[in-house]
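1. no sequence on this one, just coordinates:
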């Protein structure tokens, strides 16, 4: 197991008793509250002393309410040191007021507007969306890119058009691991990694891998590809809890990444499991309190 406390760059909290999440109707296993105490229980023996909350696709009218709720959780949860909130970036300059309200919440460090479920493959290339993303640089916000692997071409065009914004690719772009699809995903990942303003989260891969039998063997080539492409300076560990539990327990996912990086130096592993998330999301280094 990891010999130091980790900082998880991708954790979700949700409470359907407080907020509405339409997508939960299709995922009954997750349709219940998932709060910090539940995360602590799920971690088991894994020591986590820093958390980045990432928005959970609350209904559009409740995006700000979600951010305010999580900011309130941070008051009593010392591990929760950064937040990636949701905003309707497709509104272009009209989203400026929404971003200013989010900036007033001290944990907010970045924005995510889900792209993965949009039927239009060029959704993120609309004039409004690009204008909204460019506003993030003014707020010193990063942008989490959550796409499916088929959406890489448009996402690459978006990133190239916004060089002043810092991006991070969630879940390594959701490759078709269960089907063993490496191309064109691998080539697209390398194109992303060639852009200096893009980081990547080593997260969400278990849920793309399908059946748990032989999961580690199926996932390993994708882990290796991402490490080879981004190196250890722009790669960060993400648990994707509680979504990961649809496929794997949290300690088992940590152990899988641990085994995949056993041949790496301690400095490299500290970057992956800790330091890069702290730097990217501008979290105070020590102590977390």
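-> Sure thing, it's come through. What you are looking at is a predicted structure, and each value in this text was computed from that prediction instead of being measured.
2. quick one, strands of this structure?
-> Remark: strands assigned in the chain by DSSP state E are 6-11, 48-54, 80-85, 108-111, 142-145, 167-169, 198-202, 235-237.
3. Just send these back as TSV, with distance to residue 60 and mean pLDDT too.
-> The C-beta positions use only the backbone N, C-alpha and C, and glycine is treated the same way. Below are the strands of the chain laid out as TSV (distance: least, C-beta to C-beta, whole Å; pLDDT from 0 to 100):
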stretch	distance to residue 60	mean pLDDT
strand 6-11	22	98
strand 48-54	17	97
strand 80-85	13	97
strand 108-111	14	98
strand 142-145	17	98
strand 167-169	23	98
strand 198-202	24	98
strand 235-237	28	98
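4. now those strands as CSV including distance to residue 225 and mean neighbour count?
-> Compiled in CSV, the strands of the chain are given as follows (distance: least, C-beta to C-beta, whole Å; neighbours: other C-beta atoms under 10 Å):
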stretch, distance to residue 225, mean neighbour count
strand 6-11, 19, 28
strand 48-54, 23, 25
strand 80-85, 24, 25
strand 108-111, 25, 24
strand 142-145, 17, 25
strand 167-169, 13, 26
strand 198-202, 11, 25
strand 235-237, 11, 26
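5. Just tell me which of these ends up closest to residue 118.
-> Ranking those by proximity to residue 118 (C-beta to C-beta) places strand 142-145 first, at 12.5 Å.
6. about what we covered before: tabulate the strands of the chain (CSV), appending distance to residue 213.
-> Converted to CSV, the strands of the chain look like this (distance: least, C-beta to C-beta, whole Å):
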stretch, distance to residue 213
strand 6-11, 25
strand 48-54, 28
strand 80-85, 33
strand 108-111, 36
strand 142-145, 31
strand 167-169, 28
strand 198-202, 22
strand 235-237, 24
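7. So which residues of the chain form helices?
-> Using DSSP state H, the helices assigned to the chain run over residues 36-43, 63-76, 96-103, 127-139, 152-160, 185-193, 215-230, 250-260, 266-270, 276-280.
8. contacting residues for residue 226?
-> By C-beta atoms under 8 Å, 6 or more residues apart in numbering, the residues touching residue 226 are 172, 189, 200, 202, 235.
9. So for residue 177, which of the helices of the chain sits nearest?
-> Residue 177 lies closest, by C-beta to C-beta, to one member of those: helix 215-230, at 5.6 Å.
10. Any buried residues in the closest one, and which?
-> Residues of helix 215-230 classed as buried by neighbour count (16 or more other C-beta atoms under 10 Å): 215-216, 218-219, 222-223, 225-227, 229-230.
11. Same question for stretch 105-119.
-> 105, 107-116, 118.
12. from those residues, which is closest to residue 180?
-> When the buried residues of stretch 105-119 are compared for distance to residue 180 (C-beta to C-beta), residue 116 wins out at 20.7 Å.
13. surely the closest one meets residue 149?
-> No. When contacts are counted by C-beta atoms under 8 Å, residue 116 is not listed as touching residue 149 (9.9 Å).
14. what residues are shared contacts of these two?
-> Residues touching both residue 116 and residue 149 by C-beta under 8 Å, 6+ apart: residue 174.
15. what about the nearest residue to residue 35 once chain neighbours are set aside, neighbour count?
-> Nearest non-adjacent residue to residue 35, counting by C-beta to C-beta, 6 or more residues apart in numbering: residue 13, 5.8 Å away. Residue 13 has 22 neighbouring residues, counting by other C-beta atoms under 10 Å.
16. Alright, calling it a day.
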